[in-house]
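Visitor: How does the following fold in three dimensions:
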Amino acid sequence: MLRIYTLIILATVSLYAQNEIETSEISLQQFIDHVAKKTGRTIIYDTSVVAKKLNIANLKASTNEELMNVLYSALEFNGYIVEKVGQGNSEVLKLKRNIQGPWTSTSIIYSKKELEAVANTDKFITMVIDLKYISSREVQTTLRSLRIVNPQGGNLAGIEGSNTLLVTDYAPNVKRVYSVVEGMDRKKNVELMTKQFAIENKTIPVKLNEKTDYNLAIEVNKNVSVVVKDENDNVLVNGNGSHTRLWLGYHMKNSISKKFQVELEVLKEDIAEINVQIHDAKNSDNAVWSFFTVHALAKGKKIKFSLLLSTK
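Guide: Below is the predicted model:
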């Protein structure tokens with residue numbers, strides 16, 4: 001059941017005209033009602049807020065905006081987000097549990113300046129971040145491994161076509177994510193980066209289980225060509241000039257060793273994304289060996305290495 005409240009709170013606390021509260025405890029429902037009355041806002045919430053209690057000490061909000069910011073913080077603390085519907089006098093604030101975050105309409109911002117304007121509030125927002133020097137895939141993978149986004153209502157999505165990152169979360173955490181991304185998305189010196197491939201011109205031994213099926217997975221973006229050959233120099237797979245995802249399955253049974261030669265070439269001086277993995281065919285998350293990089297590489301740069309797979 002939904003209720004719409006703009007009522008006067010009775011008396012477990014002292015509520016003054018200057019938006020001052022002096023209390024040790026107040027219910028979340030009462031505080032919402034107080035904010036609705038003082039600010040003239042229409043706020044819709046369900047009965048789940050009735051049992052929620054707040055401990056507020058010496059609240060002094062001199063403006064309606066400051067009072068709303070306190071409400072946003074109280075809601076964030078209790079696992080709620082605010083969805084705004086309508087504009088002006090017809091604007092309605094709907095309170096939702098934060099698990100509904102991915103399906104909730106949010107304010108969308110596109111710049112650092114817009115972020116700074118809301119960063120000190122607990123508003124639930126979405127920020128669109130354009131990446132210049134690093135791929136959205138790598139940023140998304142890194143941020144998810146850090147578990148930096150709120151697991152309840154937050155969301156993180158990378159769009160490869162436009163190399164854009166979408167972050168939905170409470171504003172202070174979006175600012176934190178933006179700071180991390182800003183540190184990652186920096187132009188690198190091309191000459192230095194071309195010397196940092198530890199696998200270049202090497203044969204990498206990989207020990208495998210003889211009873212298991214494996215996949216050799218290679219993915220590169222459109223700026224890189226890839227060729228995979230066997231030990232007799234026969235071409236097994238070839239991807240050239242487009243976003244390529246190659247899968248090469250094989251079985252180690254009755255085979256002492258297998259050797260694959262991987263040849264990569266940068267076609268365009270831009271971001272070169274290279275992802276090579278060997279993993280259990282029945283469990284794509286079980287990587288036995290992997291190499292992943294996203295770098296600004298010079299056109300014509302060639303990277304060659306071999307994988308020597310053995311059961312001993």
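
Visitor: Name the residues of stretch 48-64 that are buried.
Guide: 49, 52, 54, 59, 61 (16 or more other CB atoms under 10 Å). Glycine gets a C-beta too; all of them are placed from N, C-alpha and C.

Visitor: show me the contacts for the first one.
Guide: It stands for V49. 27-29, 32, 78, 80, 95 (CB atoms under 8 Å, 6 or more residues apart in numbering).

Visitor: How much space separates it from K222?
Guide: 51 Å (CB to CB, to the nearest Å).

Visitor: One more: the second one?
Guide: As defined by CB to CB, K52 lies at a distance of 52 Å from K222.

Visitor: isn't G239 right next to V220, touching?
Guide: Yes: when contacts are counted by CB atoms under 8 Å, G239 is listed as touching V220 (6.7 Å).

Visitor: Between those two, which has more neighbouring residues?
Guide: Using other CB atoms under 10 Å as the criterion, G239 and V220 rank with V220 on top: 24 against 19.

Visitor: so what pLDDT did that one get?
Guide: pLDDT for V220: 80.

Visitor: partners of it in the sheet?
Guide: T244, I274 (DSSP bridges).

Visitor: any shared contact partners between G239 and V220?
Guide: By CB under 8 Å, 6+ apart, the residues touching both G239 and V220 are V226.

Visitor: first vs last residue of stretch 36-50, how far apart are they?
Guide: With CA to CA, to the nearest Å as the measure, stretch 36-50 spans 16 Å from end to end.

Visitor: now it, how far from the centre of its chain.
Guide: 31 Å (CA atoms, centre = their mean, to the nearest Å).

Visitor: tell me the domain boundaries of this protein?
Guide: By the assignment in the TED database, the chain contains the domains 21-97, 108-185, 203-311.

Visitor: Quick one: end-to-end distance for the longest one.
Guide: Using CA to CA, the end-to-end distance of domain 203-311 comes out at 16 Å.

Visitor: one step back: which one of the contacts of V49 is nearest S306?
Guide: Y80 (55.8 Å; CB to CB).

Visitor: Pretty sure the closest one sits against K94.
Guide: No: between Y80 and K94 there is no contact under CB under 8 Å: 10.1 Å.

Visitor: More neighbours: which of the two?
Guide: Y80 (24 against 18).

Visitor: Which pLDDT value goes with the more buried one?
Guide: So Y80 comes in at 88 (pLDDT).

Visitor: so who does it touch?
Guide: Y80 neighbours (CB under 8 Å, 6+ apart): 49, 95-98.

Visitor: PyMOL command for the buried members of those residues?
Guide: Restricted to buried positions by 16+ other CB under 10 Å, the PyMOL selection for these reads:
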select buried, resi 49+95+96+98
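
Visitor: Compile the contacts of Y80 into CSV and extend it with columns for secondary structure.
Guide: Converted to CSV, the contacts of Y80 look like this (DSSP: H, G, I helix; E, B strand; the rest coil):
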residue, secondary structure
V49, helix
L95, strand
K96, strand
R97, strand
N98, helix
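
Visitor: just the contacts of Y80: which has the poorest pLDDT?
Guide: On pLDDT alone, N98 ranks lowest of these, at 78.
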